[in-house]
Structure formats: C-alpha cells, structure tokens
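A.B. asks: below: sequence and its predicted model.
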2 protein chains.
Amino acid sequence: MSTTESSVGIVSAQQALFDVPLDLACGKTLTSYQLIFETYGELNAAKSNAILICHALSGHHHAAGRYQPDDKSAGWWDSMIGPGKPIDTRRFFVVALNNLGGCHGSTGPSSINPATRQPWGSAFPVVTVPDWVTAQARLADRLGIDRWAAIIGGSLGGMQALQWSIDYPDRVANAIVIASAPKLSAQNIAFNDVARQAILTDPDFHGGDFYQQDAIPRRGLRLARMLGHITYLSDDGMGEKFGRMLRSGEYKFGYDVEFEIESYLRYQGDKFSDYFDANTYLLMTKALDYFDPAKDHGGDLVAALKKATANFLVASFTSDWRFSPLRSRELVQGLIAADKRVAYGEIESAHGHDAFLMTDQPYVDLMRAYLDRVAKEVAA
Amino acid sequence: MSTTESSVGIVSAQQALFDVPLDLACGKTLTSYQLIFETYGELNAAKSNAILICHALSGHHHAAGRYQPDDKSAGWWDSMIGPGKPIDTRRFFVVALNNLGGCHGSTGPSSINPATRQPWGSAFPVVTVPDWVTAQARLADRLGIDRWAAIIGGSLGGMQALQWSIDYPDRVANAIVIASAPKLSAQNIAFNDVARQAILTDPDFHGGDFYQQDAIPRRGLRLARMLGHITYLSDDGMGEKFGRMLRSGEYKFGYDVEFEIESYLRYQGDKFSDYFDANTYLLMTKALDYFDPAKDHGGDLVAALKKATANFLVASFTSDWRFSPLRSRELVQGLIAADKRVAYGEIESAHGHDAFLMTDQPYVDLMRAYLDRVAKEVAA
C-alpha cells in the first residue's frame, strides 16, 4: 500500500443516545434510542466537509479501518474510504452509522426494551428508509453538521441517500446512489419474501421472541443468506469462479456438499447465521420492499424528486441483476425529468450486485473523479 | 374449442412392472420397479408413430386429457397434445410416464421398499437422467416401440430427450429439446442447493425417513417451491402480473402477506407442499445438477454428441433466465460442430422458463411445423 493509498488506521465506535421520541412511519413511537457510529477524518471549521455513509442490508457502522492492529479484516468499505482513497479522509469528515433496527450496536430488536426490560423481539417496530433518514438527521444535528457534502450508499444505502435528498433538500449537497433503485420490482420483493418466510417458519424463530427461548433461527437465516448471495453475484461471475467444480472430482450421489458452489454458499450461510440477528434481517428486507418515494405522489417519481436540490451521481453495474442498470436508469430519467443535475455511470463489471463493494477500476475512477469535484466545492 | 383443436378426452393411467434388475449410475441396483404411464392416440401397424414425452422437475405421466369429465384441470401439457394440436394424437401415439423416483405412481422414495416393507425414504437411490432413459427404453420395449418418431421434453425433460439421442441413437428419429441446457451453470446448481437445504434442514424431514414419523417437511418444500417459482417467471412478466400491488392498498408494517406477489408465491408453495414428495424433489434436483453428457468425454460436448443420429429441434425463450437462450445456443453450436441436423427457435416470450408450458403463438407454430414434418416422415 502506498502512502497516498492507505488506511484510516485504528478506529473506535461512538454511541449517541437520543431521548426525544421518534415517530415512525408505522405509527409507533420510539421514546428513546441509541445509534452507534464511527467517524474518520476531521470536520473542518466550516463544518462543510462531512460525508455520510449509509449501509445496505447486512452492513453497519464499521466502514473503514480496524479496531485492533491484528483484526483479520477492515471495515466493510475500507477499499473506498481512507487517506488517498476516493472518499479521502484527508479532505472529508466521514460518518458511518448502524441504522435503527440493526444488530451491531444501534437500538434494534435484540436490544433491551426499557418498558419490559426484555429484548424487544417481535415488539420492535418496523422501520422504514424515511425513519432512518430522520434518525440520521438527528445524528447530524448532534455532530453539528447542517449540510452533508455528500451522502453515499449502495443498494439499500443508495435509497437512504435518495430519501435524504427529498426529505432534507437543504442538507445534502451531493447524493451518490449506487446499485440501487427508486423502488423494488416484484421479483425483488419475491426474493425478500422467500428469505423472510425461511426465517418466520423456522421453529426456532418463536414469533420473533427467540432471545428468551435460548434459541436462534439459524436454519432460516442461513437459507436467507444463501439465497441472497446467489442474487448478489452474477451468473457469469459465479460460473467463472465456481463453474461445475466438484470438491472431490467425482459425483457422490448424495446430499452432502459436492459442488464448490454449494460449499461456498453453505459456508456463507453458516457464518452469517452465527452473527446476524433474524429480526434485523426481516426489518431490513421490509425497509427495502416499502421504499417507494413516488408512492406519496400518486406513483409519480418526478413529482417526488421535485424538491431535491442535490447534485446526483447514480452508478450501476452491467452484471447486477438484483438491481439492474435498468433500475438506475429509471431513477436517472426521473431526475432529468425533474430538472436535476445528475451524472450517471453504468460500469462494466462481472461482480453482479456485489460490485458496489468491489474495486473494479472504472468504478473507483468514477467515484474518485466525482468526489474530487465535491472536495473542490467544499474548499471553494 | 373447435373440432380440430380439442382434447384427448378421458384418459386413464397404466402400470408396467419390471422385474429385471436396473443398475443405476450411483452403483446401486433396483431389483424391481414399476412405471406409471399414459398413452394417447393409436400406435400404427409399423409402430413408427410413437412420441415420448419426458417431464420436468415436478411433472408426471398425466400430460393430457382428464380422468373424469369434471376434473378441474387437464394434464400438464394438454395445450400441446391432442387431436389437431401440435403433438397431434390423430397422427401420433403419445406416451407420457412418471420417472423413477417420482411421487405420482412410479417407484420412488415414498413407495414400499420390498426388502423392508417400509417406505424407501432415505434408502431410495439417487437416479440420473441416463438411468431414466434406460428405464424409459425398457418401457419402449414393453410397448413394442423400437424407435420413437420423436422424444420431446422441456427443461429437465429436454435433457432426457438429448440423453436418448446419445445413448440410443438408433431409437430416436427426432429429439425436441425445449428450454433446456447441456448442463447446469453454477447459478442453476446454487438455486437447487438452496431448495435442497430448505428441505434437508426442515426438522420434519427426519433425514428422509419422515413417512414413518407421521411428519411432512412442508416448510422446506414450500420454500423450495416459492424459490423455484421466482426462477420460472421472468422479472418483466412478474412485474406486469403483480408489480408492487398490495392486497389491501396500504402498507401493514408487519410480516403477514401484503404484496400480491407474496400472496401468489405463498399460495403456490402451500399447494405444492400438500402433494409433492420431499425426497422426490431432492432426487429431481440432483438429476438436474448431475446432467452433463460431456463429462464422460473430458468435457467435450461435441464428442458426446457424435454418436447421435436424430434430427434435433432446440427451442428457447428470450425471457427465460433459469435456462437462458445462451444455454440452448451452446447445445446448438455443439450439435452443429458434431455435424448434426438441428433447427433452432429462439422465441420471444415474457413467460420466462415457464414459457415451455405456455402457448405463445410462435412457440405453438414452431412445434406444429416441426411435428408436421415428423408426421410426414412417419407416413413416408
């Protein structure tokens, strides 16, 4: 690693407690909640160089750096965030949080419900992208950030960036929406529902109140993750990486792991079921399904986007079939029709939906070029 | 329905018992087995007008007609088989069977194992496409059919037609391979493995021996079918049919059925889990995964196809992403390189993989035109 392309180094998480009740889209109210977050870089005197990173389904606040020097892996977007990297921490003050409903330290279904002193479980309210954006705006207030230089997210994270631009137009200078969509398709919802049904019908789910039962719905989580993984990779990419390779070279005529792709998926599923919370998985998929800013405008996306004043960068990946380029183009067309400034990059990549987490050079170059411009706006 | 486009009418199934042991690819032997089948039309004196219909994953022998006049639905391919239909029963003698390992009357995991007088369950051997073809050839012997005028199948059924052309080149005049592939891709195998894992990890599966436990792994079967259904439909087709329609018009902020697509999938899953056998589902997906005629020829498909003497019709559907047109073209290119006669139709359809069961006009026209030629060969 060169000196200009390096890590943010050792980081630590911070907690922010909010005592002002938060009214949610579902009609319920959270009387108090906490958010866990990390920051990288320094907020400038004008407080104009802040960037918010919004995470996707299984993401969290640990986006860059390491907690300990010997941590096996760095934060989930360490490839993009750091000194000399596209989200350059020498220029920007970067904030990454775990969303409400998460399972990495922010208040969620596995947290203790102050009213019952038991884990929230099934009583935790369904949260939506607009709810998250409201909670994030309060975190911005707490940090003294009136206006973000940029809000950036991939997939479900991109939806949050878009929602910010609509709900708080004055507080977002740039919205970077990667591998996302203005709403899910029927197929997207269908995949989410199969994943949810896997969890909901797992006998260890106990209607969401498994914490007190000394149970974990691992089978359901594992299936949800295996299925998810298939949709995050491209058919070609999976073919190149695994093809029809057999672990032992010959057919076994049984149901133990046999093809390399089976081994990979089962491993990913097992690992995920060890650390992720089943109720959070359900909540995150529902937030995806419900996201549809056009809904409050009679289905008119252009009308929904009218209020936005941000500059937009929209990016998609050619082999992404979970959130295909068509979905991003739908958003771009809406933004153009709403008379917004938008740059669009459709990036050739074999990495499918996962490409937003990868480092295909044209993607890194696009992000770097756009964020260079953002840095110049900040300095101006 | 016009007089030239009508049903085969009332049909009934027949059973054939085979006492000659069948050696399977897995190394095991079935000492005896029975096959259930139906026939439509009349075998001509020369016994040259027989057509074999091979079924796909969840199919069976009841391909056309009704058992009772008031049956709610006809056989699964009633749209294609009947007097005046493309597979014209005024000209052809049509045979449809349930494959070995099935759950509709042929010997399978839910049948009684003569050695134990208990259901076979987990002891039923894994069967392959070549095993099926061998069993089908014995049925042909029983029926006095030396050579099929055509063998026709979609998806897994197409693999059987292809395997016949390789294993019994003298016994197949025409092989019609629809929405199929010369082998599964990593993504195909991945989807099958998620479905299998859903069944295998269902506590009611009992390692495959659930029959004696008064249990049925409904949860697993239901998930397998829901997932399967997503992959049988096209993204666009699903979007047109269901879109983001809500059953009640508004978000419910819970996990009960909410979007129409959820309702559809759950219904399909529930229905399937009421009648399909979990062990059969596992066997069928393994037969799909293992199918790879090139494997015995060092991966050389052209070498595998050399022995075939049949004429081929290969057909694919533009919106089929489970077995995409690319897969059919791979087969067509192999057949051409092996110097075989092959016609190829890539049919514009929004019906995804399910299109092979539907009646898009260009598809029906293609089948009719090709089978007209087959009928003329028979008459000549």
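C.D. replies: That came through, no problem. Residues are numbered from 1 along each chain as shown, chains lettered A, B, ... in the order given.
A.B. asks: test my guess that A:Leu184 contacts A:Ala287.
C.D. replies: No. Counting by CB atoms under 8 Å, no contact exists between A:Leu184 and A:Ala287, whose distance comes to 10.4 Å. The C-beta positions use only the backbone N, C-alpha and C, and glycine is treated the same way.
A.B. asks: what about the helix or strand containing A:Leu282, near chain B?
C.D. replies: With the criterion set as DSSP states H and E, the secondary-structure element containing A:Leu282 is helix A:278-290. Yes. Judged by CB under 8 Å from any CB of the partner chain, helix A:278-290 comes into contact with chain B at A:282, A:286, A:289-290.
A.B. asks: now that helix, how far from the centre of its chain.
C.D. replies: Here helix A:278-290 is found 12 Å from its chain centre; the criterion is CA atoms, centre = their mean, to the nearest Å.
A.B. asks: again with stretch A:235-250
C.D. replies: From the chain centre to the centre of stretch A:235-250 is a distance of 29 Å (CA atoms, centre = their mean).
A.B. asks: what does stretch A:363-380 give?
C.D. replies: Here stretch A:363-380 shows a centroid-to-chain-centroid distance of 21 Å under the convention CA atoms, centre = their mean.
A.B. asks: A:Leu223 is in contact with B:Ile199, isn't it?
C.D. replies: No. The pair A:Leu223 and B:Ile199 does not pass the contact test of CB under 8 Å, sitting 10.5 Å apart.
A.B. asks: ok, the two, which is more surrounded?
C.D. replies: Set side by side, A:Leu223 and B:Ile199 show more neighbours around A:Leu223, with 30 against 24, by other CB atoms under 10 Å in any protein chain shown.
A.B. asks: excluding chain neighbours, what is closest to the more buried one?
C.D. replies: In space, and not counting its chain neighbours, A:Leu223 is closest to A:Ala198: 4.0 Å by CB to CB, 6 or more residues apart in numbering or on different chains.
A.B. asks: repeat that for A:Glu240.
C.D. replies: Excluding its sequence neighbours, the residue lying closest to A:Glu240 (CB to CB, 6+ apart) is A:Ala350, at 6.9 Å.
A.B. asks: can you tell me how far that neighbour is from A:Ala304?
C.D. replies: 33 Å (CB to CB, to the nearest Å).
A.B. asks: can you list the domain ranges for chain A.
C.D. replies: Using the TED database, the domains assigned to chain A come out as A:14-183+A:294-378, A:189-285.
A.B. asks: the stretch 151-300 of chain A: helices as residue ranges?
C.D. replies: Along the stretch 151-300 of chain A, the segments classed as helices by DSSP state H, counting those that start in this stretch run A:156-167, A:186-200, A:218-232, A:235-241, A:260-275, A:278-290.
A.B. asks: just those helices: most buried one?
C.D. replies: Burial of the helices of the stretch 151-300 of chain A is given as mean neighbour count (mean count of other CB atoms under 10 Å in any protein chain shown); helix A:156-167 ranks first at a mean of 27.
A.B. asks: tell me the contacts of the spatially most central residue of chain A?
C.D. replies: Per CA atoms, centre = their mean, the C-alpha nearest to the average position across chain A is that of A:Ala56, at 1.4 Å. Taking CB atoms under 8 Å, 6 or more residues apart in numbering or on different chains as the criterion, A:Ala56 is in contact with A:153-157, A:356.
A.B. asks: chain B next: which of the residues you listed are close?
C.D. replies: Checking the contacts of A:Ala56 against chain B (CB under 8 Å from any CB), there are no matches.
A.B. asks: would you mind giving the helices of the stretch 151-300 of chain A as JSON lines with mean pLDDT added?
C.D. replies: As requested, the helices of the stretch 151-300 of chain A are arranged in JSON lines below (pLDDT from 0 to 100):
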{"stretch": "helix A:156-167", "mean pLDDT": "98"}
{"stretch": "helix A:186-200", "mean pLDDT": "98"}
{"stretch": "helix A:218-232", "mean pLDDT": "98"}
{"stretch": "helix A:235-241", "mean pLDDT": "95"}
{"stretch": "helix A:260-275", "mean pLDDT": "97"}
{"stretch": "helix A:278-290", "mean pLDDT": "98"}
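A.B. asks: save those as TSV, and put in distance to A:Glu38 too.
C.D. replies: Formatted as TSV, those follow (distance: least, CB to CB, whole Å):
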stretch	distance to A:Glu38
helix A:156-167	15
helix A:186-200	28
helix A:218-232	24
helix A:235-241	30
helix A:260-275	18
helix A:278-290	19
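A.B. asks: how many neighbours does whatever residue of the stretch 201-350 of chain A ends up closest to chain B have?
C.D. replies: When CB to the nearest CB is the measure, the stretch 201-350 of chain A has its nearest residue to chain B at A:Phe253, with 3.7 Å between them. Burial of A:Phe253 is recorded as 17 neighbouring residues (other CB under 10 Å).
A.B. asks: dump the residue contacts of it.
C.D. replies: B:25-27, B:125-126, B:286.
A.B. asks: what residues does stretch A:59-76 touch?
C.D. replies: Taking contacts as CB under 8 Å, 6+ apart, the residues outside stretch A:59-76 that touch it are A:7-13, A:36-38, A:40, A:53, A:55, A:77-78, A:81-82, A:89, A:94, A:96-98, A:102, A:104-106, A:157, A:357.
A.B. asks: ChimeraX command to pick out the buried ones of those?
C.D. replies: Typed into ChimeraX, the next command selects the buried ones out of the contacts of stretch A:59-76 (criterion: 16 or more other CB atoms under 10 Å in any protein chain shown):
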select /A:7,8,11,13,36,37,38,40,53,55,77,78,81,82,89,94,96,97,98,102,104,105,106,157,357
